[in-house]
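K.L.:
following is a predicted model, sequence given first.
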Amino acid sequence: SQAMASSNNEDRETFYSPLPGNRAGSDDEDEAEPVTPPPPPRFPTTLELVRSVLREESTEDGFGSLNYDPFTSDASLSEARKYTPAKKRILLGYSGRTFWRWSITACLGIVTGCVAVALSQLTNAIVAHRRSRFGTDPSTMRSCVLFDCLLACLAAGATTLLAPGAAGSGIPVVKAYLNGVRVRGCLSPKCFLVKFFGTAMAVGAGASLGPEGPLVHLGAMAGSFLTGGVRLRQTMPSFFRTDIDRRDFLSLGSACGFAAAFGAPVGGVLFALEEASSFWDDKLLWRGLVASSLAVFAALALDHGIIGLTKLSHYGLISLGGSDPNVSVELLVLAIPAGLVGGILGGFFVRAWALLERIRRLIAERSYSSRPWRVAARTAEAAFGVGITTLAFLAVAKTTGCVQIHEDDGEGRNHAWTTDDSFAVRFGCDHDEVNELASLWFAPRENVIKKILAGGAFSASSLFYCGCLAFATLLLVFGTALPGGLFLPLIYFS
């Protein structure tokens, strides 16, 4: 045995002899290096558990593929029987899978409606604080620009550092996933938090962006979480962890987000069917209608209060109200050129934005060699766009005239908006006057749209300046690292 041990030692020395510091003939050949015992196993702390939940899956390219093909092999059927044994099919022949699917569908609609109301309330709180602090005295214009740039830096910095997938509206990411392309890190809890707070700060800072597109992304992420997207293995039944089931719930989540934003359950289902999803069936249609209706009703109940809820109206983040039945047929003559102008401006916007995006990518490829420089450049770009937006609007508002506060001017024009303290701002005008363009700028975008559609009397010059500035600044801001969508700014411009 001693001979065998010596031979093993010789073999071990021969095996390690090519390594540096242990070559044959060296001075330290006979010195044995101390062996460090392995550390004892320890349980993860609470902070480490939170980090493990919030960490993002990462690969070299950041993309992956999803399997949407149904398969019925012997192995898959055997695995499915483990979770749905025949002896448990005691309730009308069902195993509980259908019950869980409809339960998660209902929860998804309610959760998405709550998220929509929370996002709206947070955004309106930032807008109200900004309006009360900077909407009275033009001398605070510099402070207003700095405040908006600070919010833009926080939103863009968090997006670039923590969750790059939260930038933009998020609808392209959802459409990619529903078409079988997994984009890493775009459905994680970290992306959800950055998307939620980043959208509130970007819209609250006065950027030409809207919360409707991000709500589609937030709804899709909620659908992912409810089917095991969060790394908590015992949250939901295991039979909802396939790519097919997650795809269906992501489709439902996108429909709920759209429905909660515009108060349109049928519109949300049609959006998911026509724009987002590539795989659809009749059962998903009924589940989508239920989830979208629950999302709209949850948003309505939370926004107006369950006790004070007396009628189902003014639901959604933007409710445009009903149409006027007294519209004359002669207006069709004006609708034709209005549609042509809208189409031409839409095509111009797409071409101009594509050109700006190519310029951004070209500059990024030639300038951003390291991640710190890329983060700093993306944050500075977003802050610059928001700063230019605020400066342009306030500079034009400072030079425009003031409007007298009165209900009616005797010509049948409605000036009731001038008496609305939550909408009109003075911004340098006398106590009995308000600044028209500043009111159109400081107020929430959905309130401006409602005032215009309600027949509010605004001058053509103020509407023209506001529309042109909104169109130009939307080109400047959309495409940066800020979270935000296009729906509401384009309606606002139109």
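P.N.:
That came through fine. Residues are numbered from 1 along each chain as shown.
K.L.:
show me where the protein has strands.
P.N.:
Assigned by DSSP state E, the chain shows strands spanning 63-65, 181-183, 402-404, 433-435.
K.L.:
and residue 164, which of these is closest to it?
P.N.:
Nearest to residue 164 among those is strand 181-183; the distance by C-beta to C-beta comes to 10.2 Å. C-beta coordinates here come from the backbone N, C-alpha and C atoms, glycine included.
K.L.:
neighbouring strands - and their directions - for that closest one?
P.N.:
strand 63-65 (antiparallel) (DSSP bridges).
K.L.:
point out the most buried one among the strands of the chain.
P.N.:
The highest mean neighbour count among the strands of the chain, using mean count of other C-beta atoms under 10 Å, belongs to strand 433-435: a mean of 22.
K.L.:
count of neighbours near residue 329?
P.N.:
For residue 329, the count of nearby residues is 6 (other C-beta atoms under 10 Å).
K.L.:
roughly how far apart are it and residue 339?
P.N.:
Using C-beta to C-beta, to the nearest Å, residue 329 is found at 16 Å from residue 339.
K.L.:
export the strands of the chain as CSV, with columns for mean pLDDT.
P.N.:
Putting the strands of the chain into CSV (pLDDT from 0 to 100) gives the following:
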stretch, mean pLDDT
strand 63-65, 65
strand 181-183, 81
strand 402-404, 79
strand 433-435, 83
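K.L.:
adding distance to residue 470, write these out as JSON lines.
P.N.:
JSON lines is the format used below for the strands of the chain (distance: least, C-beta to C-beta, whole Å):
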{"stretch": "strand 63-65", "distance to residue 470": "34"}
{"stretch": "strand 181-183", "distance to residue 470": "30"}
{"stretch": "strand 402-404", "distance to residue 470": "20"}
{"stretch": "strand 433-435", "distance to residue 470": "17"}
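K.L.:
I'd like the distance between residue 462 and residue 434.
P.N.:
From residue 462 over to residue 434 (counting by C-beta to C-beta), the distance is 11 Å.
K.L.:
could you do residue 262 as well?
P.N.:
Counting by C-beta to C-beta, the separation of residue 262 from residue 434 is 30 Å.
K.L.:
ok, residue 356 next?
P.N.:
Residue 356 is 35 Å from residue 434, by C-beta to C-beta.
K.L.:
so what's the residue count around the nearest residue to residue 391 once chain neighbours are set aside?
P.N.:
Nearest non-adjacent residue to residue 391, counting by C-beta to C-beta, 6 or more residues apart in numbering: residue 145, 5.5 Å away. Residues lying near residue 145 (other C-beta under 10 Å) number 19.
K.L.:
got a list of what residue 127 touches?
P.N.:
203-204, 442-444 (C-beta atoms under 8 Å, 6 or more residues apart in numbering).
K.L.:
let's see the pLDDT reported for the residue positioned nearest the centre of the chain.
P.N.:
Closest to where the C-alpha atoms of the chain average out (C-alpha atoms, centre = their mean) is residue 214, at 2.6 Å. With respect to pLDDT, residue 214 scores 91.
K.L.:
quick one: the closest residue to it other than its chain neighbours from residue 124, how far?
P.N.:
Nearest residue to residue 214, sequence neighbours excluded (C-beta to C-beta, 6+ apart): residue 199, at 4.4 Å. Taking C-beta to C-beta as the measure, residue 199 falls 13 Å from residue 124.
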